[in-house]
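Asks: turn this into a model:
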Amino acid sequence: MSVGFKVKFYWYQVGSADFLFSFFSTVACNLESGRQGERFHMMKSLCDSGKLRSNELPAALDEVMQIRSELKSFSADKVVWDMEDLSKQPPWGNSISPEITDLSNYFVTSDGEDFMTIFQHAVEKAVKLGTELEISNI
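Replies: The predicted structure is shown next:
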């Protein structure tokens, strides 16, 4: 089963739920001292309710760009697959593309797109439409 971001009738493919949780885990462990939502409110909202309400989106857009910027200073080996079990590793282990230079470009969707770009586009679309963004399964 695949997850993605749903904005009205628009769909932004992400990949497996484990993959998305890995992104949340990586942000929490590297940028929030292991406490999800400590710095980035949208991370807590998405993990707790699976959605961002329309009034949360402008701040969420700023947070997406800040997260991308800050992840650039972490090497790819700092990825966290599961913050609840730090012993878990990505299914591909350390076998990653040489194009991946840091955590800001580590996450690639199942469609081969840069996750941070897709995430940003989904938030921008929700802002433009004045609607919520939600994590959904297909």
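Asks: tell me how far stretch 6-26 lies from the chain's centre.
Replies: Relative to its chain's centre, stretch 6-26 lies at 7 Å (C-alpha atoms, centre = their mean, to the nearest Å).
Asks: go through that stretch and flag the buried ones.
Replies: Within stretch 6-26, the residues scored as buried using 16 or more other C-beta atoms under 10 Å are 6-7, 12, 14-15, 19-26. (C-beta placed from N, C-alpha, C; glycine too.)
Asks: pull up the distance across that stretch, start to finish.
Replies: End-to-end distance for stretch 6-26, by C-alpha to C-alpha, to the nearest Å: 22 Å.
Asks: which strands and helices sit next to the lowest-mean-pLDDT helix or strand in the chain?
Replies: When each helix and strand of the chain is scored by mean pLDDT, DSSP states H and E, helix 41-49 comes last, with a mean of 93. On a contact count with 3 or more C-beta pairs under 8 Å, 6 or more residues apart in numbering; DSSP states H and E, helix 41-49 meets helix 17-31, strand 51-52, helix 57-71.
Asks: can you check the pLDDT for the spatially most central residue of the chain?
Replies: Centroid-nearest residue in the chain, with C-alpha atoms, centre = their mean: F23, separated by 4.6 Å. You'll see F23 listed with a pLDDT of 97.
Asks: my read: it touches F107, true?
Replies: Yes. Between F23 and F107 there is a contact under C-beta atoms under 8 Å: 5.3 Å.
Asks: what residues do these two have in common as contacts?
Replies: F115 (C-beta atoms under 8 Å, 6 or more residues apart in numbering).
Asks: dump the helices and strands packed on helix 41-49 into TSV; add distance to K78 as well.
Replies: Listed next are these as TSV, based on distance: least, C-beta to C-beta, whole Å:
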stretch	distance to K78
helix 17-31	6
strand 51-52	26
helix 57-71	9
